[in-house]
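In: Need coordinates for the below:
(one chain, ligands or ions: 1)
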Amino acid sequence: MDDKNRVVRTAAAQMGPIARDEPRASAVARMIKLLEQAARDKVDLVVFPELTLTSFFPRWFMPDQSEVDAYFETEMPNAATAPLFARAHALGIAFSFGYAEICRHDGRLHHFNTSILVDGAGQIIDRYRKVHLPGHTNHELWRPFQHLEKRYFDPSPFGFQSVDLLGGKIGQAICNDRRWPETYRELALSGAEMALIGYNTPRHYPPAPEHDHLQDFHNHLSLQSGAYANGMWVIGVAKAGLEEGCDLIGGSAIVAPTGEIIAQARTLGDEIIVADCDLARCAEIRTNIFDFAQHRRPDAYKRIAGRTAHPD
Ligand code: CDV
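Out: Coordinates of the predicted model:
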């Protein structure tokens, strides 16, 4: 692959809040508006957040599974998202977005927190299912709002991967994944030169409210350290703003392989930020301080894949 001028003009398409009763058609219309704005800016790739089609429903305990399932998609594209696929195809723009997916795997139905990557011809070329599901399983009444991802979703059995797109290798992760160094390392070892990561992050974290003031810092710390330590572009994209009484952080950012933020959202609403991401710049880090082939010592890291936690 020619390592010169591999520029992917990329937009992080931050979304403002989505109401509980907002139809998919409304969210999709907002996405198309951002897509068209990106097209006027000659963008190649548009990245939308986690669970872009609906409100962040794990904040509500729903005892009736049919009510939960109403937030999920059973096929993609479907009637609601077809206009997005059609418009992006007409514009020749690649895009990714997150949604709740029900699909059959190993003979049973699974509920995944999913993100897909679609090429400029409208074909889905990658499906990533969230590995790190945060939150809890049972209804916890002490919380001001729930975080029931562990109840509503199955953890991915598929791990991390990257695919060829726009002259480079692109991988995906979702929200809580961005806090785990293993995510970026796995993506980098799969060859990824760019990681697309949508998120929904409440400013208030009920189990440790003393860290609420650090939410924006921890967001960027994670995105920037992941980018730098793996010499890859990281596109972090928020669903932001006051969603059904829950304050979600914004701060969508495009991070260079050096760890520098080169574009950042200024609002908490629907907004695109754009940057020319030259994939050849990964070499600035990968042939130097983090030259994996020369300096990594996987023989010294055996505990990482063998254990979840310290045995005590
Ligand atoms: N959607 C998420 O995965 N949110 C989590 C929780 C912990 C707030 C996050 O890491 O941002």
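
In: Let me see the contact set for the nearest residue to residue 147 once chain neighbours are set aside.
Out: Leaving out its chain neighbours, the residue that sits closest to residue 147 by C-beta to C-beta, 6 or more residues apart in numbering is residue 135, at 3.3 Å. For the C-beta atoms, the positions are set from N, CA and C on the backbone; glycine is no exception. Residue 135 is in contact with 58, 146, 147, 148, 149, 150, 151, counting by C-beta atoms under 8 Å, 6 or more residues apart in numbering.

In: Which one of these sits in the busiest neighbourhood?
Out: For those, neighbours were counted by other C-beta atoms under 10 Å; the highest total belongs to residue 58, with 26 neighbours.

In: For that one, which three-state class applies?
Out: Under DSSP: H, G, I helix; E, B strand; the rest coil, residue 58 falls in the helix class.

In: quick revisit: the contacts of residue 135: which two are farthest apart?
Out: Based on C-beta to C-beta, the longest span within the contacts of residue 135 runs between 146 and 150 and measures 10.6 Å.

In: How confident was the prediction at the residue nearest to residue 147?
Out: Here the pLDDT value assigned to residue 135 is 98.

In: picking up where we left off before, anything in contact with each of residue 146 and residue 150?
Out: When contacts are counted by C-beta under 8 Å, 6+ apart, residue 146 and residue 150 are jointly contacted by 135, 136.

In: Reformat the contacts of residue 135 as JSON lines; add secondary structure.
Out: What follows is those, written out as JSON lines (three-state DSSP):
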{"residue": "58", "secondary structure": "helix"}
{"residue": "146", "secondary structure": "coil"}
{"residue": "147", "secondary structure": "coil"}
{"residue": "148", "secondary structure": "coil"}
{"residue": "149", "secondary structure": "helix"}
{"residue": "150", "secondary structure": "helix"}
{"residue": "151", "secondary structure": "helix"}
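
In: pretty sure residue 43 contacts residue 10?
Out: Yes. The pair residue 43 and residue 10 passes the contact test of C-beta atoms under 8 Å, sitting 6.7 Å apart.
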